[in-house]
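[1] Below are the sequence and a predicted model; questions follow.
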Amino acid sequence: MIDILKGVNLYLIGMMGVGKTTVGKLLAEEIGYRFVDTDEVIVKAAGKSINEIFTENGEPEFRKLEGDVLAQVCAYTKLVVATGGGVVMQQQNWSYLHHGLIIWLDAPIQIILQRLAADNTRPLLQDADMESKLRSLLEQRQPMYSQADLHITISATETPEEIATRILATIPSILKQQ
Ligand SMILES: Nc1ncnc2c1ncn2[C@@H]1O[C@H](COP(=O)(O)OP(=O)(O)O)[C@@H](O)[C@H]1O
Ligand SMILES: O=C(O)C1=C[C@@H](OP(=O)(O)O)[C@@H](O)[C@H](O)C1
Ligand SMILES: [Mg+2]
């Protein structure tokens with residue numbers, strides 16, 4: 001696997017809660033890549049949480065930081081990059097994502113709702129009606145997510161390890177197409 005990838009970065013995209021951060025870490029371990037989470041880099045650089053950045057600086061500032069981080073990481077090779085769910089909405093970010101293989105982790109809204117029901121770290125979901133909010137975000141984003149090189153649909157019972165293994169098993173077929 002490492003040989004055929006030739007150091008090309010893997011970028012994980014998809015909705016909040018789908019498992020980009022969790023699966024990304026496992027993928028990186030499996031193939032001997034370094035793992036980068038764009039949210040984590042932003043939090044470290046800003047010295048505050050994502051919630052604080054949204055509240056104190058606003059979403060546009062967060063999106064600017066997110067684009068800056070993506071621009072910086074794509075200068076490196078051998079990375080698995082877990083992005084934030086909204087990264088796909090800025091056209092310029094696609095020029096960075098296309099430096100590598102783009103993998104869309106996709107799960108039914110019901111799975112995401114279950115996972116994030118008790119989570120308060122995603123400012124965009126601090127809404128009384130989390131389900132409607134998720135549906136409207138997905139509606140806007142789905143056309144962008146579908147531009148990924150690889151579409152992985154996750155079932156409720158699949159473990160992060162199983163998802164990572166499935167991704168790695170599918171990558172050779174998409175590399176051949178390119
Ligand atoms: N395959 C899975 N099965 C069960 N829980 C999962 C799975 N993948 C992720 N999770 C859990 O779902 C939540 C969101 O995962 P996370 O990796 O942070 O998603 P994302 O980075 O896409 O927002 C976390 O609590 C994580 O432990
Ligand atoms: O979907 C989004 O707009 C966001 C997703 C979050 O990351 P995860 O997708 O890792 O939850 C984080 O970047 C921020 O809360 C905004
Ligand atoms: Mg994440």
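    Everything's here; your move. Ligands and ions are numbered 1, 2, ... in the order given.

[2] and the lengthiest helix in the chain with ligand 1, contact?
    Criterion DSSP state H: the longest helix present in the chain is helix 160-177. Yes: in terms of CB under 6 Å from any ligand atom, part of helix 160-177 sits within range of ligand 1, namely 160, 163. Using the backbone N, CA and C atoms, a C-beta is placed for each residue, glycine as well.

[3] what sits up against that helix?
    Applying CB atoms under 8 Å, 6 or more residues apart in numbering, the contact partners of helix 160-177 are 1, 4-5, 19, 22-23, 26-27, 30-31, 101, 103, 105, 149-150, 152, 154, 158.

[4] near ligand 1, from those residues?
    Restricting the contacts of helix 160-177 to contacts with ligand 1 (CB under 6 Å from any ligand atom) yields 19, 22, 158.

[5] Report the beta-bridge partner residues of residue 81.
    residue 11, residue 36 (DSSP bridges).

[6] And for it, the neighbour number?
    30 (other CB atoms under 10 Å).

[7] How about the contacts made by the closest residue to ligand 3 within the chain?
    Scanning the chain for the residue nearest ligand 3 gives residue 21, at 3.4 Å (criterion: CB to the ion). Going by CB under 8 Å, 6+ apart, residue 21 touches 37, 39, 82.

[8] Is residue 101 in contact with residue 152, as I believe?
    No: Residue 101 sits out of contact with residue 152 when judged by CB atoms under 8 Å, with a separation of 11.8 Å.
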